[in-house]
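Visitor: What follows is a protein structure lacking sequence information:
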């Protein structure tokens with residue numbers, strides 16, 4: 001189940017990212033789904049996979065079976081080397097995507113569109129006034145919470 005959720009979250013992320021790149025407009029709800037929900041699904045799936053592994057090992061130990069992991073590195077085996085490169089490549093792709101998603105999620109939550117349309121939709125009159133005022137050159141976070149991760 002964890003693997004299926006991880007794959008679904010990754011597919012969801014790729015589809016939403018492609019849609020965002022093609023649309024070309026700033027949409028805070030699409031950004032939330034793309035950079036917060038989809039990576040969250042991937043992380044949930046990975047956590048479920050790890051939890052399942054731990055529970056299976058614990059159950060096997062309770063039954064008296066010996067559980068050991070024998071990690072042997074055999075660089076002379078071409079199949080092992082190929083699988084190692086696939087694993088390292090997929091890990092690198094995952095880390096790049098996780099870093100990119102985290103950065104974009106942070107940028108999304110600091111954007112004026114996010115504050116005015118997603119977070120504070122009830123403040124539509126204030127957001128409209130803001131857009132036509134001298135303050136429109138200043139991001140909301142500069143005054144309300146402060147820019148950057150240090151203020152979070």
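Guide: Yep, it's here. What you see is a predicted model, and the numbers here were worked out from it, not measured in a lab.
Visitor: Please, which helix or strand holds the nearest residue to residue 10 once chain neighbours are set aside?
Guide: Excluding its sequence neighbours, the residue lying closest to residue 10 (Cβ to Cβ, 6 or more residues apart in numbering) is residue 42, at 5.6 Å. Placement of C-beta: from N, CA and C, glycine included. Here residue 42 sits within helix 38-62, counting by DSSP states H and E.
Visitor: List the buried residues for that helix?
Guide: Residues of helix 38-62 classed as buried under the neighbour-count rule (16 or more other Cβ atoms under 10 Å) are 38, 39, 41, 42, 45, 46, 48, 49.
Visitor: got any ranges where this structure has weak pLDDT?
Guide: Filtered on pLDDT under 70, the chain yields the residue ranges 120-121, 146-152.
Visitor: Centre-most residue in it?
Guide: Residue closest to the average C-alpha location in the chain (Cα atoms, centre = their mean): residue 39, at 2.8 Å.
Visitor: Residue 67 versus that residue, what's the distance?
Guide: Residue 39 sits 31 Å away from residue 67, taking Cβ to Cβ, to the nearest Å as the criterion.
Visitor: next one: residue 41
Guide: Per Cβ to Cβ, residue 41 is found 29 Å from residue 67.
Visitor: likewise residue 105?
Guide: Between residue 105 and residue 67 the distance, using Cβ to Cβ, works out to 38 Å.
Visitor: Those two: who's more crowded?
Guide: Under the neighbour definition other Cβ atoms under 10 Å, residue 105 and residue 67 were set side by side, and residue 105 has more, 18 against 11.
Visitor: how about the helices in this protein?
Guide: Using DSSP state H, the helices found in the chain span residues 2-23, 28-32, 38-62, 78-110, 112-113, 124-131, 140-144.
Visitor: In JSON lines, list those along with distance to residue 71.
Guide: Listed next are the helices of the chain as JSON lines, based on distance: least, Cβ to Cβ, whole Å:
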{"stretch": "helix 2-23", "distance to residue 71": "21"}
{"stretch": "helix 28-32", "distance to residue 71": "40"}
{"stretch": "helix 38-62", "distance to residue 71": "15"}
{"stretch": "helix 78-110", "distance to residue 71": "11"}
{"stretch": "helix 112-113", "distance to residue 71": "48"}
{"stretch": "helix 124-131", "distance to residue 71": "56"}
{"stretch": "helix 140-144", "distance to residue 71": "46"}
